[in-house]
Every structure is written in structure tokens, then in C-alpha cells.
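S.K.: Please find the sequence and the predicted model below.
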Amino acid sequence: MAVKIRLQRHGKKGKPFYWIVAADARAKRDGKYLEKLGIYDPNKNPAIIELNLDGTVKWLQNGAQPTDTARAILSYKGVLLKNHLAGGVKKGALTEEEAEKKFQAWLDEKAAKVNAKVDDLAKNKADTKAKALEAEKAVNEARTAAPVEEEVVEEAKSEMDVVEEATTETVSEELPAEASTEPVSEDIKTEETVKEVKASNEEE
């Protein structure tokens, strides 16, 4: 019986998570399995992977073949390295203590890289949040400043109107009264003419 180490899908639509299982190669993807070896949740960043290292190594030593995705996960968690070191111990190239020491050193280095990635993600998230707050603050300041500017403009306009009215009144007071443009009546013209004729007769 050919055994595959593969992913079995669970979860809901749009948010899947997976079980890592050892199953018969002829079984359906989400069907029966021989052993559950761990879980893989790609919805988090970094992804959550929990794996039974010793059980997975045992299946590999018994001839189980991982799928491409499962192989990448096993490599990420160090299962392939541990299997390789176990092979070296069997051949006598390494002692179990040396193999364990090398594997532990690799785990420590991997953990440091993962922690550095987590710190970078947290820092980027904090920076993004700070920038968003600054942008929102600038928008709010612009909103509060706009009514003040409108009030200043209105006050300036009213002051200009007052100055114009005062200037108009001063000019009108200083100017002489204009001569009447109304026409002189005919009666007044006739009386003046009669008076002129009388005066000329008396002089003669």
C-alpha cells in the first residue's frame, strides 16, 4: 500500500485550514486517513504549523511520500533534516547526540528568523497605523480651520463695506451743492423782461 503525506482540507469557504495526514494514496483527499500528523493554518501571518516531528519522520522512514506542498511544510519545520540526520546515525556517520545537537542548533536559528519576521510585521503594522492617524489628524485640522477662514473673510468684507460707506459720506459733505437743473418758468422770464424795459425808459 502506497502512503502519501498530504493536506486534508477543513474550515469554511474562503478561510480554509488543513490537517497534515498520512493516508492511502488511493483514498480521497478529504476521506479516510491513517494518522493525523499535524495542522496547517495559512490564514495567519506567519502561518501556523503544528507537526508531530517523530511520527512524521517514522512515516518517511517507512516509505511514505509527501506531496509538493507537504514536502515544503516538512522542510520548513525541519522534518526532512531530522530524517536525514537519522539516516546518518543509522549509517554510523553521526552519533545520536551529535545529530540532536545539530538539529537543535537548526531549530534555534529557524526560531530566530521567525521571531525577526514577526517583529518586522508588528513594526510595519505600527508604522502603518501611525501614518493613518497622522493623516486623519491632518484632515480633522483642515476641517476645523476652514470655518475660521470663512469667518475671517466675512469680517474683512464687512470692514471694507463700513470703510466704503464712511468714504462716500465724507465726499458728499465736501462737495458743493449742485445748481438746480430745473427749467425756469416762463412767467419769471416775462417779469424780468418788463422790468428791464421800464428801467431803460426811465433813463431816457
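M.R.: Received it, and whenever you're ready, just let me know what you need.
S.K.: residue contacts, residue 127?
M.R.: Contacts of residue 127 were listed using C-beta atoms under 8 Å, 6 or more residues apart in numbering, and none were found. Backbone N, C-alpha and C define where each C-beta goes, glycine included.
S.K.: Quickly find the element holding it.
M.R.: Under the criterion of DSSP states H and E, residue 127 resides in helix 96-174.
S.K.: Residue 11 too?
M.R.: With elements taken from DSSP H and E, the one containing residue 11 is strand 3-12.
S.K.: List the contacts of that strand.
M.R.: Taking C-beta under 8 Å, 6+ apart as the criterion, the residues outside strand 3-12 that touch it are 16-25, 29-30, 33-34, 37, 40, 56, 59-60, 62-67, 69-70, 74.
S.K.: Domain map for the chain?
M.R.: 3-94, 96-161 (automatic domain parsing).
S.K.: From the chain's centroid, how far away is the shortest one?
M.R.: Read that as domain 96-161. In terms of C-alpha atoms, centre = their mean, to the nearest Å, the centre of domain 96-161 is set 9 Å apart from its chain centre.
S.K.: Ok, stretch 31-47 next?
M.R.: Computed by C-alpha atoms, centre = their mean, the separation of stretch 31-47 from the middle of its chain amounts to 31 Å.
S.K.: for stretch 79-89, same thing?
M.R.: Averaging C-alpha coordinates over stretch 79-89 and over its chain gives two centres that are 45 Å apart (C-alpha atoms, centre = their mean).
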